[in-house]
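**Q** Requesting a structural model of the entry that follows:
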Amino acid sequence: MRGHHLAAYNFGLHVDDYESPRVEGFRLREPLNFEAASRAEGYVGRSGYDDVPGPESWGEKVYPRFIAGSGFDDAPSSLSLWADLESLMAFTYNGVHADALKYARNWNQKQAWPSLVLWWVPDGFPPVWADGAERLEHLHDNGPTPRAFTFKVAFCPDGNPLAIDREHVKARAGRNAAGQEDLLAAVKTLKV
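**A** Okay, the predicted model is just below:
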């Protein structure tokens with residue numbers, strides 16, 4: 001949307017420690033997913049993680065309250081910016097990332113909270129981790145609103161309901177596929 005970027009934050013809990021063999025399939029796919037995102041049409045950028053090579057972290061990493069009592073002090077989460085909802089949807093449900101979603105139940109615990117929250121930020125003002133955690137909690141507590149929403153119930157930056165252009169999503173996914181062929185071939189060889 002003109003003058004805004006779509007912020008996306010996701011959070012979950014693995015079935016075991018990140019270095020565990022039970023989570024190896026996730027761990028092996030993670031860099032390929034980040035690379036696929038960077039090649040996707042409409043991708044603006046993502047936060048990195050402190051003490052991990054790559055992009056700069058957008059603030060101190062903060063988790064939603066759902067991590068409490070889990071036994072983990074770190075959890076899989078990401079924070080990114082996209083040009084629009086269709087761009088993120090094309091990336092999320094196609095190609096390399098769709099392959100990871102297909103196997104997510106093998107690596108992640110079933111959760112009672114939303115795994116993803118979306119909201120708009122003005123261009124030039126990337127969110128910080130605390131924004132993502134707070135918005136995910138808001139979505140859980142209040143359902144979709146212009147402050148924190150989902151693909152199923154989305155809003156424009158002005159707060160009006162947003163209808164997804166499915167043809168636009170399909171076209172973007174097709175264009176993305178051409179730039180991900182090597183990554184998708186590599187993913188298909190990985191352990192689940």
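
**Q** Check which residues of stretch 113-131 are buried.
**A** Of all the residues in stretch 113-131, those buried under the rule 16 or more other CB atoms under 10 Å are 113-120, 126-129, 131. Where C-beta positions appear, they are placed from N, C-alpha and C, glycine not excepted.

**Q** Sort out which of these are in helices and list them.
**A** Here DSSP state H is the test, and the buried residues of stretch 113-131 give 129, 131 as lying in helices.

**Q** Now compare the buried residues of stretch 113-131 and name the two farthest from each other.
**A** Longest distance between any two of these is 23.5 Å, between 113 and 126; criterion CB to CB.

**Q** Look up the residues forming beta bridges with residue 120.
**A** residue 6 (DSSP bridges).

**Q** Report pLDDT for it.
**A** Here, the pLDDT recorded for residue 120 equals 98.

**Q** circling back to that earlier point, with respect to residue 153, which of the buried residues of stretch 113-131 is nearest?
**A** residue 118 (9.9 Å).

**Q** Just give me the closest of the buried residues of stretch 113-131 to residue 28.
**A** residue 115 (20.3 Å).

**Q** Report the contact partners of the closest one.
**A** Residues near residue 115 by CB atoms under 8 Å, 6 or more residues apart in numbering: 10, 11, 12.

**Q** ditto for residue 73
**A** Applying CB under 8 Å, 6+ apart, the residues near residue 73 are residue 67.

**Q** Residue 189: which element?
**A** For residue 189, there is no enclosing helix or strand under DSSP states H and E.

**Q** Kindly report the same for residue 10.
**A** strand 4-11.

**Q** follow-up on the earlier one: which of the contacts of residue 115 ranks first by neighbour count?
**A** When neighbours are counted by other CB atoms under 10 Å, residue 11 leads the contacts of residue 115 with 23 neighbours.

**Q** Which residue, neighbours along the chain excluded, lies closest to that one?
**A** Distances taken as CB to CB, 6 or more residues apart in numbering put residue 77 closest to residue 11, at 4.4 Å, once the chain neighbours are dropped.

**Q** pretty sure that neighbour contacts residue 132?
**A** Yes. Shown here, residue 77 and residue 132 form a contact pair, counting by CB atoms under 8 Å, at 7.3 Å.

**Q** Which neighbours do these two have in common?
**A** In contact with both residue 77 and residue 132: 9, 11, using CB under 8 Å, 6+ apart.

**Q** So which of those two has more stuff around it?
**A** Applying other CB under 10 Å to residue 77 and residue 132 shows that residue 132 carries more neighbours, namely 30 against 22.

**Q** list the contacts for that one?
**A** With CB under 8 Å, 6+ apart, residue 132 has these contacts: 7, 9, 11, 62, 77, 79, 117.
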